[in-house]
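[1] show me the folded form of this:
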Amino acid sequence: MNIKILVAAHKKYWFPDDDVYMPLHVGKKGKESFGLPGDDTGDNISEKNIYYSELTGLYWAWKNLKCDYLGLCHYRRYFGHKSFFGDIEKRKTQILKREDYERLLQNADVILPKIRNYYIETVRDQYIHAHSERDLAETRRIIEEIYPEFLPAFDKVMARKKVHILNMFVMPKNLADEYLAWLFDILFRYENWMDENGLKDEKFRLYGFISERLLDVWIETKKLRTVEADVVMLEKVNWIKKGGAFLKRKFFGK
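    Numbering: from 1, shown residues only. Below you'll find the predicted structure:
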């Protein structure tokens, strides 16, 4: 299998020594190089990284990369055999290798990270508390107008409490091309709407946040077979602080 899993990075860091991983400098256009290939060649939107985050890497891969399977991880988040404990060196050993991906893809169309459970609120409410209700309303309007067959899944995903986030996946390149064509059509339409309404300055990482809620919509409408893998974090997470921020947004606003 010719598997290429982008590792989105914006700074020099450690990367796994496995040929399935392709470290990529996202948002490279106009930035100082730190030795990685960038998302600023060929057909690209590298200059929009501040708005699209790791999606500029996926856009570049969609338009320029030839492979059998395409995926995305982050420089500090990987698919793996999870452990909340152990030092960073131990966590590195838990990152999935080529043979792990080949095994998982034998019985699934898409590999996804473990689903996020918000427990006390819906996916829609969590997004609104962290970002803006306008984003979901306009995204829904675009889907209803352009891709109405995806609307039932959109409403279903927004109404439940679990969702796959982080924009992490691995799937056949032909499926990834189809997904990304659909995704970027929606996001570009929303970006145009934002510009027309004088909201350009409010877009920091916006489209990366919206896309995290759309992957499940596409997968469920397409009725694809999925398998989940744990996420290995290479930096410590303050779960108390993170959980506290979640509760503050829930009960006291942004």
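
[2] check what contacts stretch 222-229 and list those residues.
    Under the contact criterion C-beta atoms under 8 Å, 6 or more residues apart in numbering, stretch 222-229 has outside partners 79-80, 96, 100, 104, 107-115, 164, 171, 175, 219. To be clear about C-beta, it is placed using only N, CA and C from the backbone, and glycine gets the same treatment.

[3] redo that, cut-off 7 Å
    By C-beta atoms under 7 Å, 6 or more residues apart in numbering, the surrounding residues in contact with stretch 222-229 are 79-80, 96, 104, 107-115, 219.

[4] for the strand or helix carrying Ser211, which helices and strands make contact with it?
    Applying DSSP states H and E as the criterion places Ser211 in helix 206-212. Where contact means 3 or more C-beta pairs under 7 Å, 6 or more residues apart in numbering; DSSP states H and E, helix 206-212 is packed against helix 49-52, helix 55-64, helix 133-146, helix 173-196.

[5] please repeat the previous calculation with a cut-off of 6 Å.
    Packing partners of helix 206-212 (3 or more C-beta pairs under 6 Å, 6 or more residues apart in numbering; DSSP states H and E): helix 49-52.

[6] mind exporting the helix it packs on as CSV, just the C-alpha atoms?
    Only the C-alpha atoms of helix 49-52 are listed here, as CSV (Å, rounded to 0.1, in the frame of the first residue of the first chain):
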residue,chain,number,x,y,z
ASN,A,49,-3.3,28.8,6.9
ILE,A,50,-4.2,31.3,9.6
TYR,A,51,-7.9,30.7,8.7
TYR,A,52,-7.7,27.0,7.5
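
[7] so which bits of it are buried?
    Within helix 49-52, the residues scored as buried using 16 or more other C-beta atoms under 10 Å are Asn49, Tyr51, Tyr52.

[8] same question, stretch 147-165
    In stretch 147-165, counting by 16+ other C-beta under 10 Å, buried: Tyr147, Phe150, Ala153, Phe154, Val157, Met158, Lys161, Val163, His164, Ile165.

[9] quick one: neighbours of the residue nearest to Arg77 when sequence neighbours are not counted, just the number.
    Counting by C-beta to C-beta, 6 or more residues apart in numbering, Arg77 lies nearest to Val231, which is 5.5 Å off, once chain neighbours are set aside. Residues lying near Val231 (other C-beta atoms under 10 Å) number 18.
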